[in-house]
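Visitor: take a look and give me a structure for this.
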Amino acid sequence: MTNNWKHYLITRLRRLQQLPINESWLAKLIVAMLAVVWAVITIMLVSSTLYKVVMIGTAIILLIAAAIVFTKASKHSDYKNDQAAVVAAMIRSEAVPLVILDQSFTIVETNESADYVLGFPHEENIGSYFFNRVDAGSKAAFQQLVDQALQSGEATKQNMTITHRTGFPLELQIVCSPVLKEEAHSGVIIVMHDMSDRKRNVERIRYMAYYDDMTGLPNRTLFQIRLAELLAAAREEESMLGICYLDLDRFKLVNASFGREFGDMLLLQVAERLHRDLQDQHFVARMEGDEFAIIFTQIDSELQLLERSRELLKVIESPYDLKGFPLHITASIGVVSSSMNEDDGYSLFKKADMALAKVKESGKNGCMLYSEGWNNSSLEHLTLQHELYHAIQREEFVLHYQPQYDLTSGNIVGIEALIRWNHPERGLLSPGLFIPFAEESGMIIPIGNWVLYEACRQNKLWQDQGLAKVPISVNLSIRQFAQDDLANSIANVLKETGLSPKYLNLEITESMTTDVGHITRCLLAITSLGVGISVDDFGTGYSSFHYLKNFPIDRLKIDRSFVRDIKQDPSDAEIVAAIIAMAHNLNIQVIAEGVETQEQIEFLKKHNCDEIQGFFWSPPINSDRMEQLLIA
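Guide: Next up, the predicted model:
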């Protein structure tokens, strides 16, 4: 009897293991009841104490074993539930086109993305034969793909063509994975990637990388690639090619006057003319902004290249119609040929750029052929620009000072601050070697600001040491003078250094007086601070005496070119005498610079010049020597 019950319970346990996942709680209840019945029967029917203990222990062990089995079954069931949820989410997903086929390749399920790719509604896809969606030329490849997936049991992929509902062929990448059910193949899952969109995106990226989006012309990148190819071909054929670097003159004026929309319309018309009117042996690219580059092949000589460049100018000069507004515009062209065998594409284009810069400097509206003699000077300019930038960062500049003397008493009545560059390799450089380039490059603004601050700081330091209180003169650059906040900047420097405004004198040149409105506003703002104003190098420019009458100017500095030949050239002597007389009539003091001889001193005294500055009494000296002069 005992053995029969044991056999019955084991049979029930095996059946309970096969219960559905959602009935696990019922299985646990039945097992618990059987264990209790087992224990009761053992107590009532078994008389032997030893058998009772064994039978009750067996009931307890069975109960524990059943609990462990059903716990694992529950976890396995939860895992299967998770897998089912993941599969359901993938089918609902629109990120990847997904098709499920049975063993006969009938569509069992699709997601919305797959319906969109195939072009059929969901209800028409379900139950249809997938082979009907495959292009005739790809049916064999698809069959081979499926067979390979079923044989290997792993996912396989291949590119093939699927026919859209509209009949349009789509190039897709098909990934085929077998579906296993109870260790047997029940179908396949198809994942599709649209290669057509990918190809279109790749082509779009390629277009954006090599072509200008607005004009449709090749861009700088493609120009450099094409130039290298054409240059290599020309070398093999022992022929010549030429480069024309074209820039529209005053194009910014078009944008400023009519807006960027008109500017873009003009660029489109220029690009169309360049592409249309040139011969077949050319390559046109838009480099940037209003700059275009043209490669001419099969050039016989540099003279022929120049002729073609002039033809380009005529093409550009024809009037344009911008929304009914007629517009005339010119261009500048830098030209270079491949006559130098050692030049690569990069160096050729660099030379064309240099030639274009020369045309711009010469007044624009023309073309110029590159000359090998320019190369060294351009390299020197680049080197100087690089060194100047580092000089500002490393504070390599120093100030020297030249005293200004009262011509009657011989006392120091002023000091001019003069910048020097303490070059780490070339030594102490005078301003004439770097200031013009600093003006051109715009670096004169930070340099000028440093000079102003350092001069004020040094003068205040001398005054704090109990030395003579005299004004210090600082030269202003035309670029500094163009700043709207110049007066505020000067006021801030005076405040930071603690120097009284009456001990600062700013020197401007005659060329700054061309913009009457701006010069008047600036000078009035500066003089309202209490700062003095001098006109430097007077006599070399074209200033009107009317300006001197109305501007708040304290003194004139006669240029050294007139003072130098004052005894040898009667004309210079008359000019100097006239400047002194005119200035005194306007209540303006006069200082002569570049005084080097006693004869010059006597002449200036005779004509009542107020002050002098020059090597006769002192050249520019460093701060220590200047301090000694102030002490004396």
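Visitor: in the stretch 301-450 of the chain, which spans are strands?
Guide: Assigned by DSSP state E, counting those that start in this stretch, the stretch 301-450 of the chain shows strands spanning 320-322, 325-327, 331-337, 366-369, 397-406, 412-423, 427-429.
Visitor: N255 contacts G263, correct?
Guide: Yes - the pair N255 and G263 qualifies as a contact (C-beta atoms under 8 Å) at a distance of 4.2 Å. From N, CA and C alone the C-beta is placed, and that goes for glycine too.
Visitor: more neighbours: which of these two?
Guide: Higher neighbour count among N255 and G263: G263, with 21 against 16, using other C-beta atoms under 10 Å.
Visitor: surely the more buried one is within a strand?
Guide: No - assigned with DSSP: H, G, I helix; E, B strand; the rest coil, G263 falls outside any strand and is helix.
Visitor: give the rounded mean pLDDT of stretch 154-171.
Guide: On average, the pLDDT along stretch 154-171 is 84.
Visitor: swap that for stretch 483-499, sorry
Guide: Stretch 483-499 comes out at a mean pLDDT of 90.
Visitor: which SS class is S104?
Guide: Applying three-state DSSP: S104 is coil.
Visitor: only C-alpha atoms, please: export stretch 485-500 in CSV.
Guide: Output of stretch 485-500 as CSV, limited to C-alpha atoms (Å, rounded to 0.1, in the frame of the first residue of the first chain):
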residue,chain,number,x,y,z
ASP,A,485,35.4,104.6,-27.2
LEU,A,486,38.9,106.2,-27.5
ALA,A,487,38.2,108.9,-24.9
ASN,A,488,36.8,106.4,-22.4
SER,A,489,39.9,104.2,-22.9
ILE,A,490,42.2,107.2,-22.2
ALA,A,491,40.2,108.1,-19.1
ASN,A,492,40.5,104.5,-17.8
VAL,A,493,44.3,104.5,-18.3
LEU,A,494,44.6,107.8,-16.5
LYS,A,495,42.5,106.5,-13.7
GLU,A,496,44.5,103.2,-13.4
THR,A,497,47.9,104.9,-13.4
GLY,A,498,46.9,108.0,-11.4
LEU,A,499,48.4,110.4,-13.9
SER,A,500,46.9,113.8,-14.1
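Visitor: against E611, how distant is the nearest residue to L494 once chain neighbours are set aside?
Guide: Distances taken as C-beta to C-beta, 6 or more residues apart in numbering put P501 closest to L494, at 5.7 Å, once the chain neighbours are dropped. Counting by C-beta to C-beta, to the nearest Å, the gap from P501 to E611 is 20 Å.
Visitor: out of the strands of the stretch 301-450 of the chain, which is the most enclosed?
Guide: Among the strands of the stretch 301-450 of the chain, strand 331-337 has the highest mean neighbour count (mean count of other C-beta atoms under 10 Å), at a mean of 26.
Visitor: helices and strands around that strand, which ones?
Guide: strand 240-248, helix 302-317, helix 345-361, strand 366-369 (3 or more C-beta pairs under 8 Å, 6 or more residues apart in numbering; DSSP states H and E).
Visitor: go again using 10 Å as the cut-off
Guide: For strand 331-337, the helices and strands in contact under the criterion 3 or more C-beta pairs under 10 Å, 6 or more residues apart in numbering; DSSP states H and E are strand 240-248, strand 291-299, helix 302-317, helix 345-361, strand 366-369.
Visitor: hmm, back to that, of the strands of the stretch 301-450 of the chain, give the one that comes closest to G345.
Guide: For G345, the closest of these is strand 331-337, at 11.2 Å, according to C-beta to C-beta.
Visitor: need phi/psi at the residue nearest to L494.
Guide: phi -60, psi -30 (degrees, to the nearest 10).
Visitor: and it, how far from I299?
Guide: 65 Å.
Visitor: do N125 as well
Guide: 63 Å.
Visitor: equivalent analysis for F603, please.
Guide: 63 Å.
Visitor: next one: D213
Guide: Relative to I299, and taking C-beta to C-beta, D213 is found at 31 Å.
Visitor: what helices and strands are in contact with the host helix or strand of I601?
Guide: Taking DSSP states H and E as the criterion, I601 maps to helix 598-606. Applying 3+ C-beta pairs under 10 Å, 6+ apart, one finds that helix 598-606 contacts helix 560-564, helix 570-585, strand 589-593, strand 611-613.
Visitor: low-confidence ranges, the stretch 51-200 of the chain, go.
Guide: By pLDDT under 70, the low-scoring segments of the stretch 51-200 of the chain are 51-95, 182-183, 196-198.
Visitor: follow-up on the earlier one: pull the contacting residues for the residue nearest to L494.
Guide: C456, P471, I490, A491, L494, I526, T527, S528, L529, G530, V531, G532 (C-beta atoms under 10 Å, 6 or more residues apart in numbering).
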